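>>> task: produce atomic coordinates for the following.
(chains A and B)
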Amino acid sequence: MNPVRILTAGAATAAALSLLAYASAVPLAYHPQDAARLRLSWSARPERIEVCRQLSTEAQARRGEHMRQRVECVGGFATYALRVEVDDRAVDESVIHGAGLRHDRPLYLLRDYSVPPGQHRIRVTLTRQEKVDTNPAAPAEAAALEADTGLYAGRSQREATERARRERAAIPPSLVMDTTFEFRPRRVALVTFNAGLRILELRAEALQR
Amino acid sequence: MPLFRRLLTGLDAGFTKLYGSARNPLHQTGTVAVAMLLVLLGTGLYLVFFYRLGSPAASVARLAADPWLGSWMRTLHRYASDLFVIAAALHAVRMLVQGRSWGPRTLAWMSGLFLFGAGLVCAWTGFVMAWDSFGERLALEGGRLLDVLPIFSEPLSRIFAGDGPVPSAFFFVNLFVHIALPLLMGAGLWLHVSRLARPVLLPPRRLMWGIIGGLTIASVLLPASLGPAADPLRLAPSTPTDFVVAWWLPLVEGLPPSAAWSVILAPILLPLMVPWLTRRRREAGWAPSAVDTRLCTGCNQCPQDCPWEAITMVPRDDDRTTFVARVNPSRCVSCGICAGSCAPMGVGPPGRSGRDQLAMLRDITLPALAAAGTVPTVAVCCAQAPAAHHSALRVLGAHVHLVPCVGNLHSSVVELFIRSGAPGVVVCGCPPRDCLGREGPKWLHERLFNDREAELQPRVDRRRVRTATLAPGDLAGTVAAFEQFTRELAALAPPQPEWDTDINDLCDPVPLEEATK
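Presented below is the predicted three-dimensional model:
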């Protein structure tokens, strides 16, 4: 090969490698300079809406031994009205429900709203749509407690405890977060459900590993 | 397709001018992709020792900050993955344009698509492993697209929302996919070449080490950038995006998931349909080879020469004790290499067997040359070579005799030309690594000069026979080779035409007429 050809090939190779290096890290625009966001994100169990009744001793006797429950509840999971306001202007009004075909999975939420940087009043409300008694199973449970003796002693109590635990783990019938927040450019303010305190809270810093 | 073919030839020509036909990387796209896979395995093994599932971004940042080995190993890993994708894509385009994507090659096409797709997924998971702003961007978009499919019980995107740390399980699954897929790719590669005899998996050494050396130098001089660590509550103004593997990202980011899937599925589904869209009727030039059992001596040469393992030897069903060749039409790509490998000329695609080649010479070519009075030097050229090379040889005074592939040429044709008074015969094939028949130039050379079965007879003066390469972009090389040959021929005694040659001398023991009936 003559020297000119070697030099040309070398230059072409160097150019190709430089192009490859550039193509492997092209600075691609992502978010604009003045972007800020409000993000709603949580995962929580929706409330279970039930109608309970006490089964008579005869009704229980007709069932298999392993299916004899004193209190039997039927129902579904609650739906919630979500309303998001930024500076008293509604940016989202929707009805949300648990995931899955029968809406019996946890209620997952992940929504982003663009907000201009600066101070804004944020109001997020989540309200259960269904109207129900505080504890639909209470009358039946009270009656069941007396009848629950012998082999099944304490069973109704355990069922009541489980129902109460489920209720505590579920989203409360009404949640409101109303606050004023300084949105900084290129930052996300996160509204999430604090399951321990059972409130909506706003975070500006991500939880790190 | 002719337009694409011209484009491809033009590109080939450019690269041949730069690197020469023997080291033209465009002729080696498939093997370059395999070489890059090996580089990825080597560098990946090193990198995985330093990767921490519990602190992915920090562990990769430590690697990137290590100027001695970590930085360039990581960069080499990235550049090799980019080159793998580029080489594999070029390989697919090349196969498509050259009509090598249907029929018996469907398995190779489909497994090639799998390898390409798996390579892309490996690249994406690799970027997510680094968990910088680009990795996060890929993960977010991937999560958004996957969430419309009924795969996950909880939407994947939620784990990147910032209301909790991204779970280690996510990085574990990501790492698992990143490591498991290359193992599957090994099986895919085996499938990809399973219908090839003597598959060539690596490029020529000088080219391979040249590419690896070039990438290493680039890795040292231009280390790959690493974006800031992912933070779900910060909006990055830009990300250092690898366009080679994530070219689709800006196209789909603004689209709703269903539309984004359409954008993604189109380039997936269309290549899957290529074998059906590009298939031809298996007749004329695409008809599979056939065996004339009367002529087959059971010598076992055609199965050895067939580049596609399409021929096997089976017991005969007549009173002869020898084996007989049998062509499997579902594997035969009609390259015609077998026609050149058969001494008694009993196998080959219809109309292209050795006897068909001799009959055409006798009936058409030689009478025309005899009518002209003299027989010039003959250039037997591959029809796939650029027409400009054929024209140049004609201008230089050669009689250009086109064949579908030089591996298809029976050595008796060369002998007949010389016995008919041609001063010499130069057989011009494609560059060896760019032969559509895969091994045409190799077997031709062996038959003409190294006595491989179906050899050129000893009575033919080897000084009057030459092989040459017609490489797009190297017309000067073609001209120089031909002129050198004619100069050498001029020093020889004038040829003595044997116009009365009985063609059946070349067709012993079954006369040509009898076999071509």
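>>> and the strands in chain A?
A:26-29, A:37-44, A:48-54, A:71-77, A:80-86, A:89-96, A:107-114, A:118-128, A:174-183, A:188-194, A:199-203 (DSSP state E).
>>> residue A:80 versus the residue most central in space within chain A, what's the distance?
Closest residue to the average C-alpha location of chain A: residue A:43 at 2.5 Å, with CA atoms, centre = their mean. Between residue A:43 and residue A:80 the computed distance is 14 Å (CB to CB, to the nearest Å). Where C-beta positions appear, they are placed from N, C-alpha and C, glycine not excepted.
>>> overlap in contacts of the two?
Common contact partners of residue A:43 and residue A:80 (CB atoms under 8 Å, 6 or more residues apart in numbering or on different chains): residue A:107.
>>> I'd say residue B:335 and residue B:440 touch.
Yes - counting by CB atoms under 8 Å, residue B:335 does reach residue B:440; the two are 7.4 Å apart.
>>> that older thread, would you reformat the strands of chain A as TSV and include mean pLDDT and distance to residue B:87?
Shown next, in TSV, are the strands of chain A (pLDDT from 0 to 100; distance: least, CB to CB, whole Å):
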stretch	mean pLDDT	distance to residue B:87
strand A:26-29	92	20
strand A:37-44	94	40
strand A:48-54	83	57
strand A:71-77	84	53
strand A:80-86	96	50
strand A:89-96	96	48
strand A:107-114	93	39
strand A:118-128	95	50
strand A:174-183	94	47
strand A:188-194	94	40
strand A:199-203	92	46
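>>> pipe the ones you listed into a markdown table and attach distance to residue B:82 per row.
Below are these laid out as a markdown table (distance: least, CB to CB, whole Å):
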| stretch | distance to residue B:82 |
| --- | --- |
| strand A:26-29 | 12 |
| strand A:37-44 | 32 |
| strand A:48-54 | 52 |
| strand A:71-77 | 49 |
| strand A:80-86 | 42 |
| strand A:89-96 | 41 |
| strand A:107-114 | 32 |
| strand A:118-128 | 42 |
| strand A:174-183 | 38 |
| strand A:188-194 | 31 |
| strand A:199-203 | 38 |
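>>> where do the helices sit along the stretch 51-200 of chain B?
Assigned by DSSP state H, counting those that start in this stretch, the helices in the stretch 51-200 of chain B fall at B:56-65, B:70-97, B:106-130, B:133-146, B:168-192.
>>> and what of the stretch 401-517 of chain B?
Counting by DSSP H, counting those that start in this stretch, the helices of the stretch 401-517 of chain B are B:411-419, B:440-449, B:475-490, B:512-515.
>>> ditto for the stretch 251-400 of chain B
Using DSSP H, counting those that start in this stretch, helices in the stretch 251-400 of chain B cover B:257-277, B:301-305, B:337-341, B:354-360, B:366-372, B:387-395.
>>> what's the separation between residue A:93 and residue A:188?
22 Å.
>>> what is the rounded mean pLDDT of stretch A:98-106?
The average pLDDT within stretch A:98-106 is 87.
>>> that stretch near chain B anywhere?
Yes - residues of stretch A:98-106 contacting chain B under CB under 8 Å from any CB of the partner chain: A:99, A:105, A:106.
>>> number of nearby residues for residue 16?
Since you didn't name a chain, this refers to chain A. Residue A:16 has 16 neighbours, counted by other CB atoms under 10 Å in any protein chain shown.
>>> nope, chain B please
Residue B:16 has 23 nearby residues by other CB under 10 Å.
>>> neighbour count: residue B:335 and residue B:440, which is higher?
Set side by side, residue B:335 and residue B:440 show more neighbours around residue B:440, with 28 against 25, by other CB under 10 Å.
>>> that one reaches residue B:427, doesn't it?
No - using CB under 8 Å, residue B:440 makes no contact with residue B:427, being 10.0 Å away.
>>> what's the overlap in contacts for these two?
residue B:406.
>>> wait, which of the helices of the stretch 401-517 of chain B is closest to residue B:312?
Shortest separation from residue B:312 across the helices of the stretch 401-517 of chain B is recorded for helix B:440-449, at 18.5 Å, computed as CB to CB.
>>> quick one: average confidence on that closest one?
The average pLDDT within helix B:440-449 is 96.
>>> please spell out which residues along it are buried.
B:440, B:441, B:442, B:443, B:444, B:445, B:446, B:447, B:448 (16 or more other CB atoms under 10 Å in any protein chain shown).
>>> show me which of these is closest to residue A:13.
residue B:441 (26.6 Å).
>>> what sits against that closest one?
Residue B:441 touches B:406, B:407, B:429, B:430, B:431, B:432, B:435, B:467, B:469, counting by CB under 8 Å, 6+ apart.
>>> which of those residues sits closest to residue A:131?
Distance to residue A:131 across the contacts of residue B:441 (CB to CB) is lowest for residue B:435, with 80.3 Å.
>>> roughly how far does the nearest residue to that closest one once chain neighbours are set aside sit from residue B:483?
Spatial nearest neighbour of residue B:435, excluding adjacent residues (CB to CB, 6 or more residues apart in numbering or on different chains): residue B:441 at 5.8 Å. From residue B:441 over to residue B:483 the distance is 21 Å, taken as CB to CB.
>>> ok, and does stretch A:10-29 reach over to chain B?
Yes - using CB under 8 Å from any CB, we find that stretch A:10-29 touches chain B at A:12-13, A:17-18, A:20-21, A:23-29.
>>> ok, and the most crowded of those residues?
Of all the residues of stretch A:10-29 next to chain B, residue A:24 has the most neighbours under the rule other CB under 10 Å, reaching 23 neighbours.
>>> does it touch residue B:85 like I think?
No - Residue A:24 lies out of contact with residue B:85 (CB under 8 Å); the separation is 10.5 Å.
>>> overlap in contacts, the two.
Common contacts of residue A:24 and residue B:85, defined by CB under 8 Å, 6+ apart, comprise residue B:244.
>>> quick check, residue B:347 in contact with residue B:303.
No - the criterion here is CB under 8 Å, and residue B:347 misses it with residue B:303 at 10.1 Å.
>>> okay, these two: which has more neighbours?
residue B:347 (28 against 19).
>>> how close does that one sit to chain A?
Going from residue B:347 to chain A by CB to the nearest CB, to the nearest Å gives 42 Å.
>>> ok, back up a step: of the helices of the stretch 51-200 of chain B, which approaches chain A most closely?
Judged by CB to the nearest CB, the one of these that comes nearest to chain A is helix B:70-97, at 5.2 Å.
>>> show the average pLDDT along the closest one.
96.
>>> tell me the angle that helix makes with helix B:257-277.
Between helix B:70-97 and helix B:257-277, the angle comes out at 50 degrees (axes from the mean of the first three to the mean of the last three CA atoms, to 10 degrees).
>>> for helix B:70-97, buried residues please.
By 16+ other CB under 10 Å, the buried positions in helix B:70-97 come out as B:70-92, B:94-97.
>>> which one of the strands of chain A lies nearest to residue A:6?
Across the strands of chain A, closest to residue A:6 is strand A:26-29 (CB to CB), at 30.8 Å.
>>> what packs against the closest one?
strand B:238-241 (3 or more CB pairs under 8 Å, 6 or more residues apart in numbering or on different chains; DSSP states H and E).
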